[in-house]
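Peer 1: this one's structure only:
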């Protein structure tokens, strides 16, 4: 049995969890999320908590047990609090701005990059060098943040590019430092 999978997921007031025909639906103040449940897993609902049970035995079932408990917990947290990732842009002339619902990035290429966020994702630019990606689906928020970061990942010599808010960029010495030896 999975230690994480054994823990029940508490369901706060205002959140409804339903399981029908292998589909798990979670509704809350910030939105609604749904996903197909693996056949080896069943979700049992009580008054103010949900528990994940395993229908089989073995290592795969134990792994799925903890995974689906974490996924259910992430869905409940997503519809109550939401998730966000913060990105920073480092580099002279690099900037981001919202053009309607699209994100326009100027990252040193010969053309600006227009990024259209998927439904359920909100992108804000509090300043030209900062972005906040938010939404209810934890996986989708992380994926969109990674996609935006991939347009210009930080390079190790000057640190220019798009990085996560608290990401540490390990710096390398350039050619001048190597010639001095």
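Peer 2: That came through fine. All of these numbers come straight from a predicted model, not from anything done at the bench.

Peer 1: buried residues, stretch 73-87. List them.
Peer 2: Along stretch 73-87, these residues count as buried under the neighbour rule (16 or more other Cβ atoms under 10 Å): 73-80, 82-83, 85, 87. Where you see a C-beta, it was placed from the backbone N, CA and C, and this is true even at glycine.

Peer 1: format those residues as a markdown table; extra columns: pLDDT and secondary structure.
Peer 2: As requested, the buried residues of stretch 73-87 are exported to a markdown table (pLDDT from 0 to 100; DSSP: H, G, I helix; E, B strand; the rest coil):
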| residue | pLDDT | secondary structure |
| --- | --- | --- |
| 73 | 95 | helix |
| 74 | 96 | helix |
| 75 | 96 | helix |
| 76 | 95 | helix |
| 77 | 95 | helix |
| 78 | 95 | helix |
| 79 | 95 | helix |
| 80 | 95 | helix |
| 82 | 95 | coil |
| 83 | 97 | strand |
| 85 | 97 | strand |
| 87 | 97 | strand |
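
Peer 1: tell me who's in contact with the residue nearest in space to the middle of the chain.
Peer 2: Nearest to the mean C-alpha position of the chain, by Cα atoms, centre = their mean, lies residue 142 at 2.5 Å. Residue 142 is in contact with 83, 85, counting by Cβ atoms under 8 Å, 6 or more residues apart in numbering.

Peer 1: which SSE is it in?
Peer 2: Remark: residue 142 resides in helix 138-150, with elements defined by DSSP states H and E.

Peer 1: and that helix, how far out from the chain's middle?
Peer 2: How far helix 138-150 lies from its chain's middle: 6 Å, per Cα atoms, centre = their mean, to the nearest Å.
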